[in-house]
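> just a sequence and a predicted model for now, questions to come.
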Amino acid sequence: MHAQGAFDRIEFEGMSFDERYRMLNGSVIPRPIAFVTTLNQDGSINAAPFSSFMIASVEAGLLAFSVGPNPVPKKTLRNIRRLGEFVINTVPEELAHQVQVCGDAQEREATKLEAARLNTLESERIGTPRIAESKIQFECTLHKILNFGESHMVVGEVVLMHARSGLVREGKIDPLLYAPLGRIAGRNYCRVRELISV
């Protein structure tokens, strides 16, 4: 059996960061968005979206997300290093606009949540609040921060998971009711609309 069609060869060597970013972000899709909340030093809530997160270990209950290079360390990373905790709030499709607002630069952290018209809920095991409009939230304590080049992989242990009532059916999350938003690139996202069973 022979492969059909021709392929473009894409060499990473010699590419700039932006060029690699476009190639990777455009091909590793869709990605589940990590809408991370942390507490700033003054007690205000920092809410920042990161383009993906992953299961690092099922056995240990570890989730991970990546914080890319930045001239000044992002507040999310600084807050996690200081307090050792954070919440990964998942993003349902109806929060696309609000998440984009929180990803844009704002003068004050409180302005982001106000501008996005998002509410918070107290967490049970940690001090960092959750986003009320998120359908699934993971309260996490810091397990480890791994450095890869200039990027930081933040690994957290899930100490408590919250799922909106009705999402869990027979011990599983109903993906169509969950309706998570998938990240593509830039301001482009996708929806979960149908399932293919094979």
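It's in. Residues are numbered from 1 along each chain as shown.

> quick one, phi psi at the residue nearest to the spatial centre of the chain?
Per C-alpha atoms, centre = their mean, the C-alpha nearest to the average position across the chain is that of Ala34, at 1.1 Å. Ala34 has phi and psi values of phi -100, psi 110 when expressed as degrees, to the nearest 10.

> neighbours of the closest residue to Thr120 other than its chain neighbours, how many?
Residue nearest to Thr120 in three dimensions, not counting chain neighbours: Pro129, with 4.0 Å by C-beta to C-beta, 6 or more residues apart in numbering. No exception for glycine: its C-beta is placed from N, CA and C like everyone else's. The number of residues packed near Pro129 is 21, by other C-beta atoms under 10 Å.

> quick check: Pro129 touching Leu118?
No: Pro129 is beyond contact range of Leu118, at 10.6 Å (criterion: C-beta atoms under 8 Å).

> all strands of the chain, in order?
31-32, 34-39, 45-50, 53-57, 62-67, 85-89, 120-121, 130-131, 136-148, 151-163, 168-169, 172-173, 181-185, 188-191 (DSSP state E).

> how close does Ala163 sit to Ser57?
Distance from Ala163 to Ser57, counting by C-beta to C-beta, to the nearest Å: 20 Å.

> and if you look at Glu13?
According to C-beta to C-beta, Glu13 and Ser57 sit 32 Å apart.

> which one of these two has more residues nearby?
Ser57 (12 against 4).

> go ahead and confirm Ser68 touches Ser151.
For residue 68 the amino acid is Gly, not Ser. Yes: contact status for Gly68 versus Ser151: in contact at 5.3 Å, counting by C-beta under 8 Å.

> neighbours of Arg125, how many?
Per other C-beta under 10 Å, the neighbour tally for Arg125 reads 12.

> who's in contact with it?
Counting by C-beta atoms under 8 Å, 6 or more residues apart in numbering, Arg125 touches 139, 159-160.
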